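S.K.: The sequence and its predicted three-dimensional model are supplied below.
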Amino acid sequence: MIPNPESRIPPKTYHIWTIGCQMNEADSRHLASQFEALGFVETPRAIDADIAVLNTCVVRQQPEDKAVRKLTDLGGVKNKRPGMIIALMGCMVGKREAEELAERFPFVDVFTAPSQTDVLVETILQHDAYKHLSKAQVELADYRLPAVNREKAVTAFVPVTLGCSHVCSYCVIPHRRGPDRSRLPDEVLDEVRALAAQGIKEVNLLGQIVDRYGFDLEEGINLAWLLKEVAKVDGILRIRFLTSHPAYMDEELIQTVAETDKVCPYIEIPFQAGSDRILESMRRGYTQQEYRDIISNIRKHMPDASITTDVIVGYPTETEEDFMETMKLAEELRIDMFHIAKYSPRPRTLSAKMKDDVTPDEKEDRRIRLDELITKINAEKSAELLGETVEVLVEEFQEKKNRWRGRTPHNKLVFFESDADCLGQLVNVKINWTGPFSLIGSVA
Ligand code: SAH
């Protein structure tokens, strides 16, 4: 977007560092668009920027530590360059954390909770560096617009449900993102239309529990309805949604996914653990058998549906037998993709009161065993595609390898060579090599 020359605020350079989930990526993209609308210019390194933003994740200790290191470094830079603005956003900043953080990191100018990019921009514009600007100048620079597709991306993330109200025992997200609420359908659909107009071909509708969409809206408005509405938007070729919770994966939703061409047969539905005892302690609200039934039902409607799950290994009190239940379930259900996390105690969660009694070595051992199993299952499933033709939505040209990269509706990564400009196109590719996590083929 070209900023209105009348409104041009003296150019500043910005850098946004992002870690964590797709929701954070969506927020960072949106914030970048807002900065661009104000006439700011992106710079590749945070330490050189006039405005450095860290968009943080605290779901486990590791990403939090990374952000703290990054922030501490920036504190050092600011000592030498006091005019610099440092903003901390994302899940490090919850309602209750702001004060404590301000004490711990006095050099931070702005603390912003997840998804509050408008607030972040407004606060920055009140900073000393912008004091000389007239109100009119600021008002003219309308930055409250949908994200702009500057990178010429093919796929985009669109948050639809914000926050989370479940109290999974281990999870800090509800404490940081607040209770769940649905974005209004018009807002979501306007954003999807704007993205389509800018060349986006695939949208991923996001929520901590995305299948709860609409619970707080009018009767009849739910995720199934939204998927059908998004499917009506011209230019959008594919739709995905994540993350689903087993408790809300109902018949209507499964049928809609099965019957709506643009909606990919791809479902991210974490089971977290195989053992009923652990599931209960996690407060997930379902048993192993109930999870199995949901997967069966999905596969009844879509026999080849691709299922992705998250698993936590080494939750407090998890025994070898409990872990084997996770292994057995993974093997039996032949899940397509796993995100495995080693349990990490998080502040103010229920499980943080339990003793973290699975040793780091045991956690690592379980992670490796599960990872090996998944690699094996994936290699077998991929091998079934050898010689088959798959439809690939092309996302990127990899200069170094001189090949195109894209995904099948089932979200399998595919590489192929072609002299044609395939970016953003649906291309039929015949698979002639398969590995556990990617496929290589040639244009069919
Ligand atoms: N809302 C989604 C995803 C939440 S966060 C859901 O309910 O499933 C993404 C993943 O991080 C979770 O699915 C879980 O596997 C992992 N995770 C969350 N808290 C964790 C913790 N304290 N330790 C380790 N992994 C955790």
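M.R.: Structure received.

S.K.: Contact residues of this structure facing the ligand?
M.R.: Taking CB under 6 Å from any ligand atom as the contact definition, the chain meets the ligand at 59-60, 164, 170-171, 173, 208-209, 243, 245, 270, 272, 310, 312, 341, 343-344, 346. The C-beta positions use only the backbone N, C-alpha and C, and glycine is treated the same way.

S.K.: Buried only: go through those for me.
M.R.: Buried by 16 or more other CB atoms under 10 Å: 59-60, 164, 170-171, 173, 208-209, 243, 245, 270, 272, 312, 341, 343-344, 346, out of those.

S.K.: Which of those fall in strands?
M.R.: I312, A341 (DSSP state E).

S.K.: and L205, what helix or strand is that in?
M.R.: strand 202-206 (DSSP states H and E).

S.K.: Skip the chain neighbours and tell me the closest residue to D216.
M.R.: Nearest residue to D216, sequence neighbours excluded (CB to CB, 6 or more residues apart in numbering): S182, at 5.4 Å.

S.K.: which ones are touching the one you found?
M.R.: Residues in contact with S182 (CB atoms under 8 Å, 6 or more residues apart in numbering) are V160, T161, L162, R212, Y213, G214, F215, D216, L217, I221.

S.K.: Quick check: phi and psi on it?
M.R.: With angles defined as degrees, to the nearest 10, S182 sits at phi -90, psi 140.

S.K.: so how far is R81 from it?
M.R.: Taking CB to CB, to the nearest Å as the measure, S182 falls 42 Å from R81.

S.K.: mean confidence for stretch 297-316?
M.R.: Average pLDDT, stretch 297-316: 97.

S.K.: chain center to that stretch: distance?
M.R.: The chain centroid and the centroid of stretch 297-316 are separated by 17 Å under CA atoms, centre = their mean, to the nearest Å.

S.K.: how far does that stretch stretch from start to finish?
M.R.: 31 Å (CA to CA, to the nearest Å).

S.K.: do the same with stretch 246-256
M.R.: Criterion CA to CA; first-to-last residue distance in stretch 246-256 is 16 Å.

S.K.: Can you give me the buried ones in that stretch?
M.R.: Neighbour-count burial for stretch 246-256, with 16+ other CB under 10 Å as criterion, is recorded at P246, Y248, M249, L253, I254, T256.

S.K.: mind checking how far the first one is from G94?
M.R.: Read it as P246. 26 Å.

S.K.: quick revisit: is the residue nearest to D216 in a bridge, and if so with what?
M.R.: For S182, the beta-bridge partners are T161 (DSSP bridges).

S.K.: quick one: it and D211, what's the gap?
M.R.: 11 Å.

S.K.: How far off centre is the strand or helix carrying E36?
M.R.: For E36, the host element (DSSP H and E) is helix 22-37. Centre-to-centre, helix 22-37 and its host chain are 13 Å apart (CA atoms, centre = their mean).

S.K.: Stretch 368-384 now?
M.R.: Relative to its chain's centre, stretch 368-384 lies at 23 Å (CA atoms, centre = their mean).

S.K.: CA atoms only for it - export them in CSV, please.
M.R.: The C-alpha coordinates for stretch 368-384 follow below in CSV (Å, rounded to 0.1, in the frame of the first residue of the first chain):
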residue,chain,number,x,y,z
ILE,A,368,12.6,-39.5,20.2
ARG,A,369,10.6,-42.8,20.3
LEU,A,370,7.4,-41.1,19.3
ASP,A,371,9.3,-39.1,16.6
GLU,A,372,10.7,-42.3,15.2
LEU,A,373,7.3,-43.9,15.0
ILE,A,374,5.8,-40.9,13.3
THR,A,375,8.6,-40.8,10.8
LYS,A,376,8.0,-44.5,10.0
ILE,A,377,4.2,-44.0,9.6
ASN,A,378,4.8,-41.0,7.4
ALA,A,379,7.3,-42.7,5.2
GLU,A,380,4.7,-45.5,4.7
LYS,A,381,1.9,-43.2,4.0
SER,A,382,3.9,-41.1,1.6
ALA,A,383,5.1,-44.2,-0.3
GLU,A,384,1.4,-44.9,-1.1
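
S.K.: Averaged pLDDT, that stretch. What do you get?
M.R.: Mean pLDDT, stretch 368-384: 96.

S.K.: buried stuff in it?
M.R.: Residues L370, L373, I374, I377, N378, K381, S382 are the ones in stretch 368-384 that count as buried (16+ other CB under 10 Å).

S.K.: Show residues contacting that stretch.
M.R.: 311, 313, 326-327, 330-331, 334-338, 340, 412, 434-439.

S.K.: ok, 10 Å please
M.R.: 304, 306, 309, 311, 313, 323-324, 326-328, 330-331, 333-338, 340, 410, 412-413, 431, 433-439 (CB atoms under 10 Å, 6 or more residues apart in numbering).
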